[in-house]
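S.K.: Fold the stuff below for me.
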Amino acid sequence: MYAPRVFISMVGALAVFAIATYFLTHSLSTTLIETVICAVLLQIGYFLGILFLVWKEQSARNALLNEDAAGTPMRDDDKVTGLPASNLNRSEPFNP
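M.R.: Take a look at the predicted model:
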């Protein structure tokens, strides 16, 4: 969801809503109040849409990580980062 496009679309939808409400009610105060309520509902919907997209991306990322972790069994040497543990147990000096 590209934010400027959403905001421009929201302003356009609110303008159409305000015009339609004014022609239905012939009341400027009712039109203003209902348009503000509509704007709040649109913002809540946009916020929930963003939360849904973030949740979907997070669950997809977790599924990918769990799939990778389940597919490759861990060995003892993989748990140590850097030098393998077998090289540290040698009695001769370290020469790479």
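S.K.: biggest helix in the chain, by residue count?
M.R.: Secondary structure assigned by DSSP state H gives helix 28-71 as the longest helix of the chain.
S.K.: So, low pLDDT: which residues of this protein?
M.R.: 1, 69-96 (pLDDT under 70).
S.K.: mind redoing it with 50?
M.R.: Confidence mapping of the chain against pLDDT under 50 gives zero matching residues.
S.K.: Residue 51 and residue 65, how far apart?
M.R.: The spacing between residue 51 and residue 65, counted by CB to CB, to the nearest Å, is 21 Å. The C-beta positions use only the backbone N, C-alpha and C, and glycine is treated the same way.
S.K.: what's residue 34 in contact with, if anything?
M.R.: Going by CB atoms under 8 Å, 6 or more residues apart in numbering, residue 34 touches 17, 21.
S.K.: hmm, try it at 7 Å
M.R.: When contacts are counted by CB atoms under 7 Å, 6 or more residues apart in numbering, residue 34 touches residue 21.
S.K.: what about residue 21, neighbour count?
M.R.: Applying other CB atoms under 10 Å, we find 19 residues neighbouring residue 21.
S.K.: For the helix or strand encompassing it, give me every contacting residue.
M.R.: In the assignment (DSSP states H and E), residue 21 maps to helix 3-25. By CB under 7 Å, 6+ apart, the surrounding residues in contact with helix 3-25 are 31, 34, 35, 38, 39, 42, 46.
S.K.: how many other residues sit next to the third one?
M.R.: Residue 35 has 17 neighbouring residues, counting by other CB under 10 Å.
S.K.: ok, now the one 4 residues further on?
M.R.: A total of 16 residues lie near residue 39 under the criterion other CB under 10 Å.
S.K.: Quick check: closest non-adjacent residue to it.
M.R.: Distances taken as CB to CB, 6 or more residues apart in numbering place residue 14 nearest to residue 39, at 5.7 Å, with adjacent residues excluded.
S.K.: if I look at that neighbour, how far off is residue 42?
M.R.: If you go by CB to CB, the gap between residue 14 and residue 42 works out to 7 Å.
S.K.: With residue 32 instead?
M.R.: Taking CB to CB as the measure, residue 32 and residue 42 are separated by 16 Å.
S.K.: out of the two, which sits in the busier spot?
M.R.: For residue 32 and residue 42, the more surrounded residue by other CB under 10 Å is residue 42, and the numbers stand at 18 against 13.
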